[in-house]
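>>> take a look and give me a structure for this.
(chains A, B, C and D)
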There are 2 protein chains.
Amino acid sequence: MSSHIEENYLKAIYKQTERNKDGAYTNDIANELNVKAATVTEAFKKLGDKGLIFYEKYKAVTLTDQGRAVAVKTIRKHRLWEVFLVEKLGFKWDEIHPMAEELEHVNFEELTERLAKFLGNPEFDPHGDPIPDKNGKFAQNKSVKLTAINIGKTVAMTGIENHTPSFLQHLDKLGLKLGAEITIKDVVEFDQSILVSVNNKKEFYLSQEIANNILCK
Amino acid sequence: MSSHIEENYLKAIYKQTERNKDGAYTNDIANELNVKAATVTEAFKKLGDKGLIFYEKYKAVTLTDQGRAVAVKTIRKHRLWEVFLVEKLGFKWDEIHPMAEELEHVNFEELTERLAKFLGNPEFDPHGDPIPDKNGKFAQNKSVKLTAINIGKTVAMTGIENHTPSFLQHLDKLGLKLGAEITIKDVVEFDQSILVSVNNKKEFYLSQEIANNILCK
DNA sequence: TAATAATTTTAGGTTAAGCTAAATATTTAA
DNA sequence: TTAAATATTTAGCTTAACCTAAAATTATTA
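Numbering: from 1, shown residues only, chains lettered A, B, ... in the order given. So this is what the prediction gives:
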């Protein structure tokens, strides 16, 4: 199995395991990677034989320490390249994912570490997601969803839970970027939408759907 | 044929065609890419069908305009990444080739162009090789081999014709880097080795073998 | 809890990119 | 100019990563 493909499977399993403690089911991964379930079964067997995942027929898979290490390294590379693309090359946060998706598979440890240093060893990527350090440790930022904040409170935007370009572009239009000061002015009982002000300037309503995808603290 | 592999074949054919006007023979490419001749024949057929090379059985292949464009773009990416690795990440010139060999296959035109701009649109890579611009034009530097320089002349080192780490490391040891001022003090008739002084400081003999792989003007 | 639905696995097929060995073509040299 | 050497191609095999369709298992619900 090429390391490129292996990394994609392990990363997908890692992400799925973050959402669902049980582990990752065949169909979860098939959907994530746009392949068929039968292909995933095959991959699971190989990854199991290699000691990268725990695989038992019909059960959700989980990562071994070794498998998790590969997944986390891949995430590290992905997020470091995202910082590079935004900070150094001037890309917008909705443009960088596909490029980072390729760059993350370039495997030279020295390259990754020098890139990290060049970028100032960032702890978060342009979407506010934590960048694991070279030992696989993630910075904790204890953020919560914007929907959990009470009326009257002011918080700083720290991240997002949806990374689609359309969501990111909408946030741009609203002036909602990482670090923005958001004050909860009101919650509409009817649809749970919230009235917010941003940096004490603009004021507008956010649907619950949107507020649920915004992280803050 | 994956673009990764396609680019490697086209780049190898391009390089071979630079050396030998006839074009590239099956065995040339097999050796360059460390695959067997039969594999190359197969690849030639596919590249021919795609309109990227002119292929006729038993003849040397040459690139079509389309094939050359792909090869040159790949070289552009390779050399830009090399500049990045040296100028921004602090790698040495003998360390960068394998990394650039991977990075060159990340295909996002906007990434390439922004990288170029970030680097100041360099015209030469860390080995002194010209970086084609986005239209495929190479800067000309009219360099000649050090062996072509007459006694008494002083020239600046502009490039090298051998890119192996051992050669590069040896040049480092001698203090021979791009831009070094080299004065030809003497030519030894016996073995054609030359006595040089570098930046008016050190003086030493260079074998013809080495001098032949140093470019200057 | 038995029937139905959903999920996963198995079996067998395809394609790309490699391989070896044998056949064919070209080049070199006697 | 023909024989030998070298180079290239063809034929057929292998492996990885995908696929579909059918079989097997697990989960859901009437």
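>>> can you pull the pLDDT of A:Asn141?
Per-residue pLDDT puts A:Asn141 at 86.
>>> typo on my end, it should be A:Phe118
A:Phe118 carries a pLDDT score of 98 in this model.
>>> return the per-residue confidence for the spatially closest residue to A:Lys36 that is not a sequence neighbour.
Nearest residue to A:Lys36, sequence neighbours excluded (C-beta to C-beta, 6 or more residues apart in numbering or on different chains): A:Ala30, at 6.0 Å. The way it works is simple: take the backbone N, C-alpha and C, and place the C-beta from them, glycine included. What the model reports for A:Ala30 is a pLDDT of 98.
>>> what of A:Ala24?
Reported pLDDT for A:Ala24: 98.
>>> kindly report the same for the one 10 residues further on.
Predicted confidence (pLDDT) for A:Asn34: 97.
>>> secondary structure class for the nearest residue to A:Ser143 once chain neighbours are set aside?
Spatial nearest neighbour of A:Ser143, chain neighbours left out: A:Leu215 (4.0 Å); criterion: C-beta to C-beta, 6+ apart. Following DSSP: H, G, I helix; E, B strand; the rest coil, A:Leu215 is assigned to strand.
>>> tell me, how many neighbours does A:Leu215 end up with?
Neighbourhood size, A:Leu215 [other C-beta atoms under 10 Å in any protein chain shown]: 22.
>>> quick revisit: which strand or helix spans the residue nearest to A:Lys36?
Following DSSP states H and E, one finds A:Ala30 within helix A:26-33.
>>> so who does A:Leu174 touch?
Residues near A:Leu174 by C-beta atoms under 8 Å, 6 or more residues apart in numbering or on different chains: A:198, A:202, A:204, A:206.
>>> can I get the residues you listed in a markdown table including pLDDT and neighbour count?
Listed next are the contacts of A:Leu174 as a markdown table, based on pLDDT from 0 to 100; neighbours: other C-beta atoms under 10 Å in any protein chain shown:
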| residue | pLDDT | neighbour count |
| --- | --- | --- |
| A:Val198 | 97 | 18 |
| A:Lys202 | 93 | 12 |
| A:Phe204 | 97 | 13 |
| A:Leu206 | 97 | 21 |
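>>> would a markdown table of these with distance to DNA strand D and secondary structure be doable?
As requested, the contacts of A:Leu174 are arranged in a markdown table below (distance: C-beta to the nearest atom of the strand, whole Å; DSSP: H, G, I helix; E, B strand; the rest coil):
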| residue | distance to DNA strand D | secondary structure |
| --- | --- | --- |
| A:Val198 | 42 | strand |
| A:Lys202 | 44 | strand |
| A:Phe204 | 40 | strand |
| A:Leu206 | 33 | strand |
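>>> got a list of contacts for the helix holding A:Ala30?
If you take C-beta under 8 Å, 6+ apart as the criterion, helix A:26-33 is touched by A:8-9, A:12-13, A:15-16, A:20, A:36-37, A:39-41, A:43-44.
>>> can you confirm A:Gln140 is in a helix?
No: counting by three-state DSSP, A:Gln140 falls outside a helix, being coil.
>>> ok now the longest helix belonging to chain A, how far from the chain's centre?
When chain A is parsed with DSSP state H, its longest helix is helix A:65-83. Distance, stretch centre to chain centre, for helix A:65-83: 11 Å (C-alpha atoms, centre = their mean, to the nearest Å).
>>> can that helix be found next to DNA strand D?
No: between helix A:65-83 and DNA strand D, judged by C-beta under 7 Å from any atom of the strand, nothing touches; the nearest distance is 13.8 Å.
>>> contacts for that helix?
With C-beta under 8 Å, 6+ apart, helix A:65-83 has contacts from A:6-7, A:10-11, A:13-14, A:47, A:51-53, A:63, A:96-97, A:99-101, A:103-107, A:112, A:115-116, A:119, A:122, A:125-127, A:129-134, A:136.
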